[in-house]
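J.: Sharing a model prediction with you, sequence too.
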Amino acid sequence: MAVLDRVKEAIISPTEVPKEIEERLGRGRARMRDGASVRNEAMKFRRGDQYVYRSDDGMLISQNTITLSNGSGKPPHKARTTRNFLKDIVAHEVSAATSRVPGYEISPTTSEPEDYAAARLSDKVARYGYDKWRLRRMTKSVVTYAVVADEGFAWPYWDSSVGPYMQAPDPLTGEPKVIGRGEVGIRIFGPNEVYWEPGLKFDESRWHAVEQARPLEDVKAMEGFNLNVKLTADASSDEDGIPREKINQHSKLVLVTEYLERPSPRHPEGRWLTIANGKLICPEKTYPCRDHEDRVVDEPVLHNLSYFLDPDDDRDMGLIRDLLDAQRTINDTTNKQIEWKNHLLMPRIIVRNGEFKQQVTDVPGSVYHAVGSGEITFFPPPDLPNALVSMKAEALEDMARMAAQNDIPSQVESGKGIQALVERDQSRRGDFFAELADFHS
């Protein structure tokens, strides 16, 4: 009878989201979307889509980069090419942050031999897990988010769906159920998928929320999914990974929000709520961060990494947002050089007291018949303005200085001078590497 009661409780569990949590999520979501357009712009620039601009309402507007056959799109006389130096800058930062394997050192809690042996074994497990759990790839993703889009987030968890598989009794019905042995997993999130109490730093907030568009079938297969909830596809994820709350008849994505509330006197075990379509789709669970004795720990489940600390704001800053204007200048000066070549460096013919019988083309070896006895000369092409070249060079130098990736000046030849310049650039990353070490720990 007790088993049936638990089954009924799981099926008819409440689906209404508490009012206080709805208000919290609304505040946090609005704050997250305030800066979403800036982060989206930086992500597009890093991918090479560099002809986008932010409108007054925060939307991204793209300019055409090609001329279509019907005459629409980019004007034919305009050049809109891209020289994506941001990708190289990001690759250098990510490589510097992930090229070395972290050294894991786990201290024993006491001087007992058993605790000491357990700590040494934990060291080996951590080093083994670096490859097994693909921590380097995870770190690359988080660091890329931090450099390009201000912040990156990781959520380590136990993935019970990983095999080999075995049969075990279902905790609700007692019926045999196939379960996996399980393995450590890590979910990666961008800054437009995570939010918390506005006005507070990430570590200070008592709650965090993750909002992500997921396939409808995967949501229904979640452990503890409430069979009484009828879900509809209400979200789509654009190319920036930003969930959009709009109904798409071809979409099979559901906007899922996971609310994580840390333990407090009011809720000693914390709260973990899973919400979709404005309803609770799983029974309320305790806070998922626990120690080795299975006790709830008041520590953030999500781990964040940022490039620059902003002490006067609840969101930190990345590197690329400050390089966008310089990158635009590089593209603009390059395009002006191409347009100058197309318009002024093409040979143009001057015929005095005569004319050609046919149109002059660019076909090699063509023979043209002229009428009259006039003089035929070529119009002298003007030189490319040096200002375009110097503006591009200055923009490149500005980007290198802001990213601490400066080239060695030609006048510096001594080993001591070169070493001093290299150390100056490396010291700029010292604080970021310290934050990365805390992130790994």
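T.: In hand now; what should we look at? Residues are numbered from 1 along each chain as shown.
J.: Now residue 398: phi and psi?
T.: Per-residue torsions, residue 398: phi -60, psi -40 (degrees, to the nearest 10).
J.: gap between it and residue 406?
T.: According to CB to CB, to the nearest Å, residue 398 and residue 406 sit 11 Å apart. The way it works is simple: take the backbone N, C-alpha and C, and place the C-beta from them, glycine included.
J.: just residue 85 next, same as before
T.: Counting by CB to CB - residue 85 and residue 406 are separated by 14 Å.
J.: Please identify which of the two sits among more neighbours.
T.: It is residue 85, of residue 85 and residue 406, that has more neighbours when counted by other CB atoms under 10 Å, with 19 against 15.
J.: For the residue positioned nearest the centre of the chain, give me its contacts.
T.: Taking CA atoms, centre = their mean, the centroid of the chain lies closest to residue 145, which sits 3.8 Å from it. The contact partners of residue 145, taken as CB atoms under 8 Å, 6 or more residues apart in numbering, are 151-153, 188, 190-191, 305.
J.: Shouldn't it be within a strand?
T.: No. Counting by DSSP: H, G, I helix; E, B strand; the rest coil, residue 145 is not found in a strand; it is helix.
J.: for the stretch 51-200 of the chain, which spans come out with low pLDDT?
T.: 170-174 (pLDDT under 70).
J.: helix or strand for the closest residue to residue 187 other than its chain neighbours, which one?
T.: Setting aside the residues directly before and after it, residue 187 is nearest to residue 155 in space (CB to CB, 6 or more residues apart in numbering), at 4.4 Å. In this structure, residue 155 sits in strand 151-159 according to DSSP states H and E.
J.: In that strand, which residues are buried?
T.: For strand 151-159, burial by neighbour count (16 or more other CB atoms under 10 Å) applies to 151-156.
J.: Note down every partner strand of it and its orientation.
T.: According to DSSP bridges, strand 151-159 forms sheet pairs with strand 183-189 (antiparallel), strand 303-306 (antiparallel).
J.: how about those strands, which one is nearest residue 432?
T.: With CB to CB as the criterion, residue 432 lies closest to strand 303-306 of the strands paired with strand 151-159, at 8.6 Å.
J.: Could I get the average pLDDT for the helix or strand following the closest one?
T.: Next helix or strand after strand 303-306 toward the C-terminus (DSSP H and E): helix 324-344. Across helix 324-344, pLDDT averages out at 92.
J.: how distant is the helix or strand that helix 324-344 is followed by from the center of its chain?
T.: Counting by DSSP H and E, the next helix or strand C-terminal to helix 324-344 is strand 349-351. Here the centre of strand 349-351 is set off from its chain's centre by 56 Å, with CA atoms, centre = their mean, to the nearest Å.
J.: ditto for stretch 395-412
T.: With CA atoms, centre = their mean, you get 26 Å for stretch 395-412.
J.: ditto for stretch 355-363
T.: 54 Å.
J.: list the buried ones in stretch 95-111?
T.: The neighbour-count check on stretch 95-111 (16+ other CB under 10 Å) flags 96-98, 102, 104 as buried.
J.: Secondary structure and distance to residue 439 for the residues you listed - can I get that in a markdown table?
T.: Output for the buried residues of stretch 95-111, formatted as a markdown table (DSSP: H, G, I helix; E, B strand; the rest coil; distance: CB to CB, whole Å):
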| residue | secondary structure | distance to residue 439 |
| --- | --- | --- |
| 96 | helix | 15 |
| 97 | helix | 10 |
| 98 | helix | 12 |
| 102 | coil | 10 |
| 104 | coil | 13 |
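J.: how near is the residue located most distally from the centre of the chain to residue 352?
T.: Most distant from the centre of the chain: residue 373, at 68.5 Å, with distances by CA atoms, centre = their mean. In this view, residue 373 and residue 352 are 10 Å apart by CB to CB.
J.: what do you get for residue 109?
T.: Applying CB to CB to residue 109 and residue 352 gives a distance of 97 Å.
J.: again, but for residue 108
T.: Taking CB to CB, one finds residue 108 at 96 Å from residue 352.
J.: now residue 295
T.: Distance from residue 295 to residue 352, by CB to CB: 97 Å.
J.: Residue 405 too?
T.: 55 Å.
J.: Over to residue 52?
T.: 50 Å.
J.: cool, residue 365 as well?
T.: 25 Å.
J.: For those two, indicate the residue with more neighbours.
T.: The neighbour comparison of residue 365 against residue 352 (other CB under 10 Å) goes to residue 352, with 10 against 4.
J.: Verify the contact between that one and residue 370 for me.
T.: No. With contact defined as CB atoms under 8 Å, residue 352 does not count as touching residue 370 (11.0 Å).
J.: Need the overlap of contacts for these two.
T.: residue 376.
J.: what's residue 185 in contact with, if anything?
T.: Applying CB under 8 Å, 6+ apart, one finds that residue 185 lies in contact with 133, 156-159, 162.
J.: beta partners for it?
T.: If you apply DSSP bridges, the partners that residue 185 bridges to are residue 157.
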